[in-house]
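In: Build me a structure from this.
(one chain, ligands or ions: 3)
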Amino acid sequence: MGFVERSVVFLMVMMVAIKVSNAAVHKVGDSSGWTIIGSIDYKKWAATKNFQIGDTIVFEYNSQFHNVMRVTHAMYKSCNGSSPLTTFSTGKDSIKITNYGHHFFLCGIPGHCQAGQKVDINVLNVSASAAPTKSPSALASPVPVASTQAPSPNNASPLIVAKGAFGIIGLAMTVLVFSIST
Ligand SMILES: *[C@@H]1O[C@H](CO)[C@@H](O)[C@H](O)[C@H]1NC(C)=O
Ligand SMILES: *[C@@H]1O[C@H](CO)[C@@H](O)[C@H](O)[C@H]1NC(C)=O
Ligand SMILES: [Cu+2]
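Out: Ligands and ions are numbered 1, 2, ... in the order given. Predicted structure coming up:
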């Protein structure tokens, strides 16, 4: 294999590795699981998570008493489980997230959704939502990455900027340079 091919293969392996390492498993309701006991606030639970494509959502419950229905937004709002998109009922359902946007689920047992057994898994499109954060007010932001993106003409060396803002690209360049020298 030539250096270009080797580099391309290496980069692809790296990208896959990054994707795999980012994939998380989210157990709905954490240790409580999928239930109406304890009036779990699934909206609050979902708000603390950072859902990504490739992540897995796990619903754990007693299948004698509950189920999981994937529904539309309208059905979610009105707790109407009469025509779900999909129904899961194993008691331990793993659902892999494959696209952006809202994924609405509720328990189809009468009364349970009304009691709060419903969850909205919202997968943000990071590339779309990242754009508005590139504001000149980066100095006020506590996020370290933002400060490296701000133009600092005085003393920031291009290398440091590259390392901070483009860590992955920088790493890829290092790999390419390494490939050239071997
Ligand atoms: C639930 O949805 C079905 C079909 O989407 C509809 O026919 C039915 O009237 C709805 N039920 C309620 C209570 O809104
Ligand atoms: C995600 O955001 C990017 C950039 O705004 C856009 O081009 C792309 O279509 C979006 N993808 C989805 C699935 O919304
Ligand atoms: Cu239920």
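In: can you tell me how far the residue in the chain positioned nearest to ligand 1 sits from Gln64?
Out: With CB to the nearest ligand atom, the shortest gap between the chain and ligand 1 falls at Asn80, namely 3.7 Å. Every residue, glycine included, has its C-beta placed from N, CA and C. Distance from Asn80 to Gln64, counting by CB to CB, to the nearest Å: 23 Å.
In: and those two? which has more neighbours close in?
Out: Ranked by neighbour count (other CB atoms under 10 Å), Asn80 and Gln64 place Asn80 first, with 16 against 7.
In: Is it correct that that one is in contact with Val71?
Out: Yes: using CB atoms under 8 Å, Asn80 makes contact with Val71 at a distance of 7.5 Å.
In: Can you classify Asp93 by secondary structure?
Out: The three-state assignment at Asp93 reads strand, by DSSP: H, G, I helix; E, B strand; the rest coil.
In: no, scratch that, I was asking about Thr90
Out: Three-state secondary structure (criterion: three-state DSSP) places Thr90 in coil.
In: which residues touch the closest residue to it other than its chain neighbours?
Out: Closest residue to Thr90 apart from its sequence neighbours, by CB to CB, 6 or more residues apart in numbering: Ser63 at 6.3 Å. Ser63 is in contact with Ser89, Thr90, Gly91, counting by CB atoms under 8 Å, 6 or more residues apart in numbering.
In: what about Ser31, distance to Gly2?
Out: Distance from Ser31 to Gly2, counting by CB to CB: 52 Å.
In: Next one: His112 from Gly81, what distance?
Out: On the measure of CB to CB, His112 and Gly81 end up 9 Å apart.
In: Need the three-state assignment for Ser82.
Out: Once three-state DSSP is applied, Ser82 turns out coil.
In: List the contacts of the closest residue to it other than its chain neighbours.
Out: Leaving aside its chain neighbours, Ser82 sits nearest to Met75 (8.0 Å; criterion: CB to CB, 6+ apart). Counting by CB under 8 Å, 6+ apart, Met75 touches Gly81, Ser82, Ser83, Pro84, Phe104, Leu106.
In: This protein: strands as residue ranges?
Out: 25-27, 56-60, 68-71, 86-88, 92-96, 101-106, 118-123 (DSSP state E).
In: Any buried residues in the last one, and which?
Out: Yep, that's strand 118-123 we're talking about. Lys118, Val119, Asp120, Ile121, Val123 (16 or more other CB atoms under 10 Å).
In: bridging residues for the last one?
Out: On the basis of DSSP bridges, Val123 takes part in beta bridges with Gly101.
In: now stretch 79-99: mean pLDDT?
Out: Mean pLDDT, stretch 79-99: 97.
In: Next: stretch 37-49.
Out: Looking at stretch 37-49 alone, the average pLDDT works out to 96.
In: Could you list the buried residues of that stretch?
Out: Ile40, Tyr42, Trp45, Ala46.
In: related to what we said a few turns ago, need the per-residue pLDDT for the residue nearest to Thr90.
Out: Ser63 is given a pLDDT of 97.
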